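Peer 1: got a sequence here, can you model it:
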Amino acid sequence: MIGSKWAILIATVIPAIAILVGIPVISGYEYTVLGIPLVFFWLFCWLPLTTLCMWLSWHYFERAHYRKIEGDEK
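Peer 2: Reported below is the predicted structural model:
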């Protein structure tokens, strides 16, 4: 099944929770990381982490389905 619940959870729910819950929690701190406020550093870190989550979701849960559809069974 394309769009399995685990693939959706890894690709969208985990990054969304990390960003939507992390910002209110972290915004109260005055810490900086490499001269950047912690909240901005958190957001900048989650840009590539979201891409990584999407790749992991596709690689481990959806890739076989796409190969089957395209006729390339390896």
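
Peer 1: identify the residues contacting stretch 16-30?
Peer 2: For stretch 16-30, contacts defined as Cβ atoms under 8 Å, 6 or more residues apart in numbering pick out Pro37, Leu38, Val39, Trp42, Leu43, Trp46, Leu49. The C-beta positions use only the backbone N, C-alpha and C, and glycine is treated the same way.

Peer 1: residue ranges for the helices of the chain, please.
Peer 2: Taking DSSP state H as the criterion, the chain carries its helices at 5-8, 14-26, 38-57, 63-70.

Peer 1: got those helices as JSON lines, with mean neighbour count and mean pLDDT columns?
Peer 2: Shown next, in JSON lines, are these (neighbours: other Cβ atoms under 10 Å; pLDDT from 0 to 100):
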{"stretch": "helix 5-8", "mean neighbour count": "13", "mean pLDDT": "80"}
{"stretch": "helix 14-26", "mean neighbour count": "13", "mean pLDDT": "94"}
{"stretch": "helix 38-57", "mean neighbour count": "15", "mean pLDDT": "93"}
{"stretch": "helix 63-70", "mean neighbour count": "11", "mean pLDDT": "65"}
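
Peer 1: quick one: which of these is nearest Thr32?
Peer 2: Closest to Thr32 of the helices of the chain is helix 38-57 (Cβ to Cβ; 6.6 Å).

Peer 1: contacts for the closest one next, please.
Peer 2: 6-8, 10-11, 14-15, 18-19, 22-23, 26-27, 29, 31-34, 36.
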